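Participant: missing the sequence, but the structure's below:
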């Protein structure tokens, strides 16, 4: 292991893992009547509710179904402002889990339900942090979809609420529980790559992402069937707009779009691989180039961030008008980790730097021979049958749900996607969103925990 590597690891231990462990430990001792939750026995069922009943909630239901028997999980309630979503999800749960569930329009009604242990949040991006805070204050464990927050203030609010409770929280950043991604982190931590100076992620699509001009939900919803002002939370009150309600990801008041949805996963993985926490600088650019429709958020986006103490440059890029060439790449002086595929791809390879491969990734043309000859090392695990992993996975991760369930039973607050990982990815994506919108380079003041537009002295 190089001198640079040792120095970097010492720093990361202080800034990320050490801080997280100390804060989680402190929060665990801050029990009060509101935050107390019983220690569940191994034979007791964990009763779960789904809060927000759109498409992503269907994924949550799928995950619970995958773990229902071996983790002894039950579904007892659904909650959504929109009557149709609520009723349809209740019917789906009855079909999937074989029992009736209670229906609630408002989450404060849900949180008062006796016997409820845990809540899975799948609402609008801008609603996550505030609802997470209410869930843990009510003494319920929580699985919260990413992004955890779309502002630094909301991220701080959620973090304070969670650390002031005794609740078990899992962020919906499911890739951090994938066995191959965890093995990649082990390789990074081992020092095999030498000093890492750059990480690149290029994740693309080709289509009007998050916008359907014939969206059936937009055609179906009526203002009287929901509660528009409650949906807005603390956002400015504007006339009811079914497009904003159903396709919030493309509107800047309710989401960062690419940053909130994809980059939150991406930068979270960077922190996961390298034991870093929040970039020191961020600059971003892009625009609405491929799909000039209703959207206010970019369809083409790129961000560059630096982690000063780690001597690391991070590059993130997405295009929604061309999906060729998705990859992730971790570049070290002694070797490279390369993943073929976009978000969450477990198809990773290690390539020693001394091979000096012409063109960089030409090993992939003769993949089997490259692995056999030692030009590339396939990264796999027993969970993947020790075979070549796929280049793409679905979002519904049993590994991640199981980690949350196990931690709920043991009351271990160090879930794979704990509150600190949520705070870190939230700040990073907010920096990227603001840099793009404001057209300036931004900086993170670690002492004041503020985003500023000038270097930190």
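Facilitator: Yep, it's here. In this text the structure is predicted, and so the values were computed from the model without any measurement.

Participant: domain parsing for the chain?
Facilitator: 3-176+399-425, 178-210+254-392 (automatic domain parsing).

Participant: Nearest to residue 219, out of those domains?
Facilitator: Nearest of the domains of the chain to residue 219, taken as CB to CB: domain 3-176+399-425 at 11.6 Å. (Each C-beta comes from the backbone N, C-alpha and C, glycine too.)

Participant: Now the closest one: average pLDDT?
Facilitator: What domain 3-176+399-425 shows for mean pLDDT is 86.

Participant: same thing with stretch 377-392?
Facilitator: In this model, stretch 377-392 carries a mean pLDDT of 97.

Participant: With stretch 319-337 instead?
Facilitator: Across stretch 319-337, pLDDT averages out at 96.

Participant: picking up where we left off before, let me have the domains of the chain in a markdown table, extended by mean neighbour count and distance to residue 452.
Facilitator: Converted to a markdown table, the domains of the chain look like this (neighbours: other CB atoms under 10 Å; distance: least, CB to CB, whole Å):
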| stretch | mean neighbour count | distance to residue 452 |
| --- | --- | --- |
| domain 3-176+399-425 | 20 | 11 |
| domain 178-210+254-392 | 19 | 11 |
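
Participant: want to try JSON lines for those, with distance to residue 243 as columns?
Facilitator: Converted to JSON lines, the domains of the chain look like this (distance: least, CB to CB, whole Å):
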{"stretch": "domain 3-176+399-425", "distance to residue 243": "13"}
{"stretch": "domain 178-210+254-392", "distance to residue 243": "6"}
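
Participant: looking at these, which is closest to residue 221?
Facilitator: Checking the domains of the chain against residue 221 by CB to CB gives domain 3-176+399-425 as the closest, at 6.3 Å.

Participant: Can you give the distance of that closest one from its chain's centre?
Facilitator: On the basis of CA atoms, centre = their mean, to the nearest Å, domain 3-176+399-425 is displaced by 12 Å from the centre of the chain it belongs to.

Participant: Of the domains of the chain, which is nearest residue 453?
Facilitator: Closest among the domains of the chain, using CB to CB: domain 178-210+254-392, at 10.8 Å.

Participant: start to end distance for the closest one?
Facilitator: 12 Å (CA to CA, to the nearest Å).

Participant: Of the domains of the chain, which is nearest residue 246?
Facilitator: domain 3-176+399-425 (8.3 Å).

Participant: of all the domains of the chain, which lies closest to residue 442?
Facilitator: domain 178-210+254-392 (5.1 Å).

Participant: my guess is residue 271 meets residue 425, correct?
Facilitator: Yes. With contact defined as CB atoms under 8 Å, residue 271 reaches residue 425; the gap is 7.0 Å.

Participant: Which elements pack onto the longest helix along the chain?
Facilitator: When the chain is parsed with DSSP state H, its longest helix is helix 419-438. Where contact means 3 or more CB pairs under 8 Å, 6 or more residues apart in numbering; DSSP states H and E, helix 419-438 is packed against helix 19-28, helix 152-163, strand 169-171, helix 264-274, strand 281-287, strand 300-307, strand 442-445, strand 450-452.

Participant: right, so of those, which gets closest to residue 81?
Facilitator: With respect to residue 81, and counting by CB to CB, the nearest of these is helix 152-163 at 19.5 Å.

Participant: Tell me how many other residues crowd residue 213.
Facilitator: The burial count assigned to residue 213 is 9, neighbours taken as other CB atoms under 10 Å.

Participant: Would you verify that it is located in a helix?
Facilitator: No. Secondary structure of residue 213 (DSSP: H, G, I helix; E, B strand; the rest coil): coil, not part of a helix.

Participant: List the contacts of it.
Facilitator: The contact partners of residue 213, taken as CB atoms under 8 Å, 6 or more residues apart in numbering, are residue 293.
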